[in-house]
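How does the following fold in three dimensions:
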Amino acid sequence: MTRRTRTFCGIHRVRGLACMTYAGAAMATALAALAVQDTHAADFPITGQQRSTAQQVAQTGVPLSELAPNAPDSYTVKTRDTLWDISKLFLKSPWRWPELWGMNLDQIRNPHLIYPGQMLYLDKTGGRARLRMGQAVNAPGMTKLSPRVRSTDLGDGALASIPFHLIEPFLNEAIIFQGNELDAAPRIVGTQEGRAILGRGDTAYVRGELTNARDYRIFREAKALRDPTTKEVLGYEGAYVGAAEYTRQGGTRIDASGKSEVIPATFVVTAIRQEAGVGDRLALVPAREFTNYAPHAPQGAMNGQVAALYGDALTAGQNQIVTLNRGSADGMERGHVLALLHDGERIIDKTDPKRPTIKLPDERHGVLFVFRVFDRMSYALILSAQIPVKPGDRFTQP
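Here you go, the predicted model:
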């Protein structure tokens, strides 16, 4: 069934299609409340306080000092743009985009649902900036645009807030277990024709507690993830190997000599990310996570360290995934934007006769976007990094 709705900003996924929604943050939901109401309004509960906040933001704008040094007066939206890209073009602090994009509620009822080919321009009056759509209001030889509502299929080409394709594979493949649940998970015990490596379409034989579910994920043995400073185990990461389909039930039977023997269940490998084989573990495929993402800074202080890099790399760069040593128990939320700091090196002060070891200051050099949160750890996408990122690097609120 095709679902049609008016939606707001952020990332909302319905059957794998992207559209813009802002149900994640208080200010964002307030903006949604002021948009034209429709049959899905119940999906976006709005408080009186949120409405008041939106009205104040709509009248205020952002100080001109918050604009990027080379912010253009106008910009035409391109096909592969994201709201983060455009906000970074106009603002020093892209995470403040709701304040810039939410100003023009009279002119743009749905300020975050924008499309390639549309023109954006900066209205800089009274020492404040507001981002508007279309031609400049009352400019010589130009026509003032009237507000209008656009009702479209979800995923019809509206811009995503961040490069969603970079994190989509990790939404259900990358997982941190609270304990080492994979130790007791069903395991591959044999392969057809004794193959050492399983590929797509190959048969695997599995023992363990299985449900009637059809789809399973394959994981390598989980590795402990430790806090870089305290060395405490914060969780166990299961390295995603691939996926398999449960095709035949196992059990036991009595052989010709009267002895009972085990018959493992049969699976067919349906997807492969890395080599699979005997000893790999299986876990159920969870319901697909189609999550709202509203990039925003933490409300209060937030600091921690990069605990690990996803995969086997020694360093990471832009558009790669890192694991952080803070989770929901520490106030971390999906959509948090964090400043990335390089851990200052320890050097010997050769100018001091005693030659003491000193630590150079931590230097800010990048931005992280948190997209998946567990109890004590989180996954984040590196949006930018001036130097390679490594475990131990710190992060703070931006």
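
and this structure, what are its domains?
Residue ranges of the domains in the chain are recorded as 4-140+153-161, 176-284, 303-396, according to automatic domain parsing.

worst average pLDDT in the ones you listed?
Here those differ in mean pLDDT, and the lowest is domain 4-140+153-161 at a mean of 57.

So the residue nearest to Phe177 when sequence neighbours are not counted: helix, strand or coil?
Counting by C-beta to C-beta, 6 or more residues apart in numbering, the nearest residue to Phe177 once its immediate chain neighbours are dropped is Tyr236, at 4.5 Å. In short, each C-beta sits where N, CA and C put it, glycine included. Following DSSP: H, G, I helix; E, B strand; the rest coil, we place Tyr236 in the strand state.

Report the beta-bridge partner residues of Tyr236.
Residues found in beta-bridge contact with Tyr236 (criterion: DSSP bridges) are Phe177, Ala224.

How about the contacts made by it?
Under the criterion of C-beta atoms under 8 Å, 6 or more residues apart in numbering, the contact partners of Tyr236 comprise 176-182, 222-225.

now with 7 Å?
With contacts defined as C-beta atoms under 7 Å, 6 or more residues apart in numbering, the neighbours of Tyr236 are 176-177, 179-180, 222-225.

Which two of those have the greatest separation?
Gly179 and Lys223 (13.3 Å; C-beta to C-beta).

Could you measure from the residue nearest to Phe177 over to Lys259?
Per C-beta to C-beta, to the nearest Å, Tyr236 is found 37 Å from Lys259.

before we move on, what about Arg281?
Counting by C-beta to C-beta - Arg281 and Lys259 are separated by 28 Å.

Between those two, which is the more surrounded one?
Neighbour count, other C-beta atoms under 10 Å: between Arg281 and Lys259, Arg281 has more, with 23 against 8.

all strands of the stretch 251-398 of the chain, in order?
Under the criterion DSSP state E, counting those that start in this stretch, the stretch 251-398 of the chain carries strands at the ranges 251-254, 260-263, 265-272, 281-284, 303-309, 321-324, 337-342, 346-348, 357-359, 363-373, 378-385, 394-396.

which residues touch Phe219?
Each residue near Phe219 by C-beta under 7 Å, 6+ apart is listed here: 182, 238-241, 280-281, 283.

Need the buried ones from the residues you listed selected in ChimeraX.
The following ChimeraX command selects only the buried members of the contacts of Phe219, with burial defined by 16 or more other C-beta atoms under 10 Å:
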select :182,238,239,240,241,280,281,283
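
mind putting the contacts of Phe219 in JSON lines, distance to Tyr205 included?
Written out in JSON lines, the entries for the contacts of Phe219 read as follows (distance: C-beta to C-beta, whole Å):
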{"residue": "Leu182", "distance to Tyr205": "18"}
{"residue": "Gly238", "distance to Tyr205": "21"}
{"residue": "Ala239", "distance to Tyr205": "21"}
{"residue": "Tyr240", "distance to Tyr205": "21"}
{"residue": "Val241", "distance to Tyr205": "16"}
{"residue": "Asp280", "distance to Tyr205": "12"}
{"residue": "Arg281", "distance to Tyr205": "14"}
{"residue": "Ala283", "distance to Tyr205": "17"}
